[in-house]
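Student: Coordinates only, no sequence provided:
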């Protein structure tokens, strides 16, 4: 299905030279001033330069210390600090100063908290609604250990898009996402529709960790069966030498074919490409989804 190259060197199509524009410095100053973290910086996203230069970022709640250690992720694993009650208001302030009309919130995994951090998501959504009533909000959450009460807390705050990334295929979970569980993530995504039938749901899959095309296909089938509306497909890029090596690089043409396959399975909205990440161009992807729903109405 997807053409790949031998991963001896980073191919040209997987290199992104996106220098920071002068305006990006202002965004960084604002983030530091508000004592906020972004997944863009902590996860070493290849799109950071592009997004910061456009004055947008994905806010990462609950600090920059994660209670889990995933083989593909560069966010630090350490004892986290207590939740910051002032963080929701500071996120809303930063979003207002940036003039954002679409805000993406994510968080480190906080298995030390009873609700996994769900109440911080909800508080931040509420703060954004009060400060920016016309802005849309997308959340990218951890699995909350499968706790339906935590899920209900976030849903009650009514995010416009609820994202939880499946990340990889079941066979690779023990190696690259040892503290996660494939079935638990699927159950969470399905539970979203059960609790809130009209909720737009989203999930993402990385390619290049050692999965086969048949395994990708099986994950896409599973995601569609639990009602996921938007799916993202992107190339895994090793953040440091301490992380999982890249097994293969899928060509841009290969990602076109992966996207076509996802659409053939009935996903209303698909975003597939080498540099695609779940929150990359999130506003545009959500807009395409809304337009598609309107056209099909």
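Tutor: Yep, it's here. Computed from a predicted model, the values in this text were never measured in an experiment.

Student: and the end-to-end length of stretch 171-189?
Tutor: Length of stretch 171-189, first residue to last, Cα to Cα, to the nearest Å: 19 Å.

Student: hmm, who's touching that stretch?
Tutor: 68-72, 109, 111, 143-146, 151, 164, 166-170, 201, 203, 209-211, 215, 222-223, 226-228, 244 (Cβ atoms under 8 Å, 6 or more residues apart in numbering). Any C-beta I mention is one placed from the backbone N, CA and C, and that applies to glycine too.

Student: give me that answer again for 6 Å
Tutor: If you take Cβ atoms under 6 Å, 6 or more residues apart in numbering as the criterion, stretch 171-189 is touched by 68, 70-72, 143, 146, 164, 166, 168, 170, 201, 209-210, 222, 226, 228, 244.

Student: distance between that stretch and the chain's centre?
Tutor: Mean C-alpha position of stretch 171-189 versus that of the full chain (Cα atoms, centre = their mean, to the nearest Å) differs by 15 Å.

Student: can you check stretch 179-194 too?
Tutor: Mean-position distance between stretch 179-194 and its chain equals 15 Å (Cα atoms, centre = their mean).

Student: List the buried residues of it.
Tutor: Using 16 or more other Cβ atoms under 10 Å as the test for burial, stretch 179-194 gives 179-182, 185-193.

Student: isn't residue 88 right up against residue 128?
Tutor: No. The criterion here is Cβ atoms under 6 Å, and residue 88 misses it with residue 128 at 8.0 Å.

Student: just checking, what's the longest strand in the protein?
Tutor: Across the chain, the longest stretch assigned as strand under DSSP state E is strand 200-207.

Student: tell me the mean pLDDT over that strand?
Tutor: Averaging pLDDT along strand 200-207 yields 97.

Student: Just after that strand, pick out the following helix or strand.
Tutor: The first helix or strand that comes after strand 200-207 along the chain, using DSSP states H and E, is helix 213-225.

Student: And that following helix, what's buried?
Tutor: In terms of neighbour count (16+ other Cβ under 10 Å), helix 213-225 has its buried residues at 213, 215, 216, 217, 219, 220, 222, 223, 224.

Student: same thing with stretch 123-134?
Tutor: In stretch 123-134, counting by 16+ other Cβ under 10 Å, buried: 123, 124, 125, 126, 127, 128, 132.

Student: contacting residues around the helix or strand encompassing the fifth one?
Tutor: What it means is residue 127. If you go by DSSP H and E, residue 127 is part of helix 118-131. For helix 118-131, contacts defined as Cβ under 6 Å, 6+ apart pick out 61-62, 83, 88-89, 91-92, 96, 103, 105, 137, 139, 150, 153-154, 157, 159.

Student: Just the ones in strands from those, please.
Tutor: Within those, residues falling in strands by DSSP E are 61, 103, 105, 137, 139.

Student: Tell me the most packed of the residues you listed, by neighbour count.
Tutor: Neighbour counts for the ones in strands among the contacts of helix 118-131, by other Cβ atoms under 10 Å, peak at residue 103, which reaches 28 neighbours.

Student: so what's that residue bridging to?
Tutor: Beta-bridge partners recorded for residue 103 (DSSP bridges): residue 137.

Student: Settle this for me: it is touching residue 96, isn't it.
Tutor: No. At 9.9 Å, residue 103 and residue 96 do not qualify as touching, with contact defined as Cβ under 6 Å.

Student: what about the helices in the protein?
Tutor: Here the chain has its helices, by DSSP state H, at 22-33, 39-42, 48-53, 87-98, 118-131, 148-156, 173-176, 182-195, 213-225, 252-264, 282-296.

Student: now this structure, which segments are flagged as low pLDDT?
Tutor: Where the chain drops to pLDDT under 70, the residues are 1-8, 18-20, 23, 294, 296-297.

Student: One more pass at 90, please.
Tutor: 1-10, 16-28, 42-44, 46-50, 53-55, 292-297 (pLDDT under 90).

Student: Present the buried residues of stretch 123-134 as TSV; the columns should include distance to residue 17.
Tutor: Formatted as TSV, the buried residues of stretch 123-134 follow (distance: Cβ to Cβ, whole Å):
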residue	distance to residue 17
123	38
124	33
125	35
126	39
127	36
128	33
132	33
